[in-house]
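Peer 1: sequence first, predicted model second:
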Amino acid sequence: MESNLAKIEALLFVSGDQGIEISELAELTGILKPAIYSQLELLQQKYMADPDASLFVLLNHEKARLATKKSFAPLLQAYFTAPNVTSLSRAAMETLAIIAYRQPVTRVQIEEIRGTSSSGALKRLQLLDLVREKGRLNVPGRPIIYVTTENFLDHFGLNSLDELPPFPQAEQLDLPLEADDLLELFNNKLENKASKENKENKEKEENFD
């Protein structure tokens, strides 16, 4: 049977960068708020005492979230700012595809399609200037909404979003988009762009010769 500490840790993990309210932790776990704070302190002590743990608990304004220890900042910065969009992970490509076809879209909506956390993928896409925040949705919790950027269009050789490969369900918001289908469309577009650039470079070399 899962411990209270494990339940809280699981909820902190899935809440991602946005974190989770202490009151919500109490409601979901059935634990009183004072006990939630005690459990968070125990979890923090556990992380700080373990040299093999990279996480710590960040508590701010009645909201808690998991974050990485400051000592890992240079390592994570190097990862998130890697410039080559073609080397994006599957998670990042899926997330980017979903945003492109469903924008404006929230992190929760993205994760409902992917079925897994997307906070890391979103962070990397933002640092690569492929997606950006565009305000907040006017619903309880006011979640951030995401859209693609001008740089996204440049990377995929598009003049506008109208040039995205057609996807039959894109306008039918009551039907779920399949992440694998979206990923295939994006990979094809990226491959076509690379092929076109290689052809243009070859023609330039031939003309130069």
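Peer 2: Looks like it arrived, so ask away.

Peer 1: okay, now the domains of the chain?
Peer 2: 4-71, 81-206 (automatic domain parsing).

Peer 1: need these in CSV with mean neighbour count, can you?
Peer 2: In this view, the C-beta of every residue, glycine as well, is placed from N, C-alpha and C. Output for these, formatted as CSV (neighbours: other C-beta atoms under 10 Å):
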stretch, mean neighbour count
domain 4-71, 15
domain 81-206, 15
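
Peer 1: lowest mean pLDDT across the ones you listed, which one is that?
Peer 2: Among those, domain 81-206 carries the lowest mean pLDDT, a mean of 72.

Peer 1: and residue 158, helix, strand or coil?
Peer 2: Using DSSP: H, G, I helix; E, B strand; the rest coil, the structure places residue 158 in coil.

Peer 1: these two touch, right, it and residue 164?
Peer 2: Yes. At 6.9 Å, residue 158 and residue 164 qualify as touching, with contact defined as C-beta atoms under 8 Å.

Peer 1: where do the strands sit along the chain?
Peer 2: With DSSP state E as the criterion, the chain has strands at 20-21, 55-60, 63-68, 105-106, 131-136, 144-148.

Peer 1: with distance to residue 9 added, can I get these in TSV?
Peer 2: Output for those, formatted as TSV (distance: least, C-beta to C-beta, whole Å):
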stretch	distance to residue 9
strand 20-21	11
strand 55-60	9
strand 63-68	8
strand 105-106	24
strand 131-136	27
strand 144-148	24
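
Peer 1: relative to residue 1, which of those strands is closest?
Peer 2: Nearest of the strands of the chain to residue 1, taken as C-beta to C-beta: strand 20-21 at 21.9 Å.

Peer 1: check which helices and strands the closest one sits against.
Peer 2: On a contact count with 3 or more C-beta pairs under 8 Å, 6 or more residues apart in numbering; DSSP states H and E, strand 20-21 meets strand 63-68.

Peer 1: so the strand it packs on versus strand 55-60, what angle?
Peer 2: Angle, strand 63-68 to strand 55-60, by axes from the mean of the first three to the mean of the last three C-alpha atoms, to 10 degrees: 150 degrees.
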